[in-house]
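Participant: Sequence below, structure please.
(chains A, B, C and D)
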There are 2 protein chains.
Amino acid sequence: MNLNKAWGILKENGFKETTKRNQILEIFEGDERYLTARDILDVMQKDYPSMSYDTVYRNLATFVSLDILEATELSGEKHFRMHCESDHHHHHFICMDCGKIKEIPLCPMDLLGAALPAYEIDNHKFEIYGKCPECK
Amino acid sequence: MNLNKAWGILKENGFKETTKRNQILEIFEGDERYLTARDILDVMQKDYPSMSYDTVYRNLATFVSLDILEATELSGEKHFRMHCESDHHHHHFICMDCGKIKEIPLCPMDLLGAALPAYEIDNHKFEIYGKCPECK
DNA sequence: TTTCCAATAAGAATGATTACGATTTACTTT
DNA sequence: AAAGTAAATCGTAATCATTCTTATTGGAAA
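Facilitator: Predicted structure coming up:
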């Protein structure tokens, strides 16, 4: 996901182009790690000392709802990153040192198939945690 | 996991037998759902109006560290339940309505095998969320 | 340019969790 | 059984992430 595509989605859905919104997206475009709301605020406040948490959280929620960002909960805190470009469903290895991810092309749900008849499956989470080759 | 086994582990590790601790364990023994710290406190305060959060959280952390309870984070809150009896590694389907679980006997990590060479894998999470047959 | 409504700022509120000094309790030793 | 000791608990306050509220600002349409 890049800035242009993100703005396309936002415009399609009637969201206004604001400087704050743009800078939040720029931060994510330039960082492949999972970031917290605080991470974003810290960067933003260098340029906008009056930046508020509310603006960060509100926009992060907007971006996630439009599939511009993807979110996961790591050690009790919500983390965000640009939504993957790859069009097919996949999962992530997450480096707990640097926060970078590696795509895992397969999904365990494929194998489960009809292993859970009578169950309504709404969602699933599969994540692998550890250290990437660079951090090891 | 039952009360006796839990107390065996606790005694082995030098923990004292207290009434509060015992009642927390009894609650988990009698409930197969994932419960929050608040759930525990609410039940306990009927018998012990002075019960404090500190006691709940401290004991939950103790129990998890001794593998008496297992924990997971559901919609931003830590949830706990008795550690499964089954000796082999498995995962869970979790009903988001009633909180009950169903064991999934297979683990996606088996398939990944050597798909992540050079990566240090410390941990993984695989959970399926939805509605169980009773709640559907 | 003016107007309208979304977007933001500022700060208070909330909810979960942790921390801490004072007190009580369980277990050990006498 | 009584006393000693360290663990466990209480009561309360602090902290952290997140959300809410109200007034103000800013983007874009008329």
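
Participant: going forward, measure contacts and count neighbours with C-alpha atoms only.
Facilitator: Will do.

Participant: ok now the longest strand along chain A, how far from the chain's centre?
Facilitator: Here the longest strand in chain A is taken by residue count, with DSSP state E as the criterion, and it is strand A:120-131. Mean C-alpha position of strand A:120-131 versus that of the full chain (CA atoms, centre = their mean, to the nearest Å) differs by 14 Å.

Participant: For that strand, list every residue counted as buried.
Facilitator: By neighbour count on 16 or more other CA atoms under 10 Å in any protein chain shown, the buried set for strand A:120-131 is A:120-121, A:124-126, A:128-131.

Participant: which one among those gets closest to DNA strand D?
Facilitator: For DNA strand D, the closest of the buried residues of strand A:120-131 turns out to be residue A:125, at 17.5 Å, with distances computed as CA to the nearest atom of the strand.

Participant: That closest one bridge partners, please.
Facilitator: Using DSSP bridges, the beta-bridge partners of residue A:125 come out as residue B:127.

Participant: Per-residue pLDDT of it, please?
Facilitator: The confidence metric pLDDT takes the value 93 at residue A:125.

Participant: ok, it to residue A:71 distance?
Facilitator: Remark: distance between residue A:125 and residue A:71 (CA to CA, to the nearest Å) = 11 Å.

Participant: Next: residue A:56.
Facilitator: As for residue A:56, its distance to residue A:71 is 14 Å (criterion: CA to CA).

Participant: Over to residue A:97?
Facilitator: Noted for residue A:97: a distance of 18 Å to residue A:71, by CA to CA.

Participant: Who has more neighbours out of these two?
Facilitator: Applying other CA atoms under 10 Å in any protein chain shown to residue A:97 and residue A:71 shows that residue A:71 carries more neighbours, namely 19 against 13.

Participant: who's in contact with that one?
Facilitator: Residue A:71 makes contacts with A:64, A:78-81, as judged by CA atoms under 8 Å, 6 or more residues apart in numbering or on different chains.

Participant: follow-up on the earlier one: just the buried residues of strand A:120-131 now: which is nearest DNA strand C?
Facilitator: Proximity of those to DNA strand C, judged by CA to the nearest atom of the strand, is greatest for residue A:125, which lies at 18.8 Å.

Participant: Next one: the closest one from residue B:127, what distance?
Facilitator: For residue A:125, the distance to residue B:127 (CA to CA) stands at 5 Å.

Participant: so residue A:74 bridges to which residues?
Facilitator: Assessed by DSSP bridges, residue A:74 has beta-bridge partners residue A:77.

Participant: For it, the count of nearby residues, please.
Facilitator: Residue A:74 is flanked by 14 other residues according to other CA under 10 Å.
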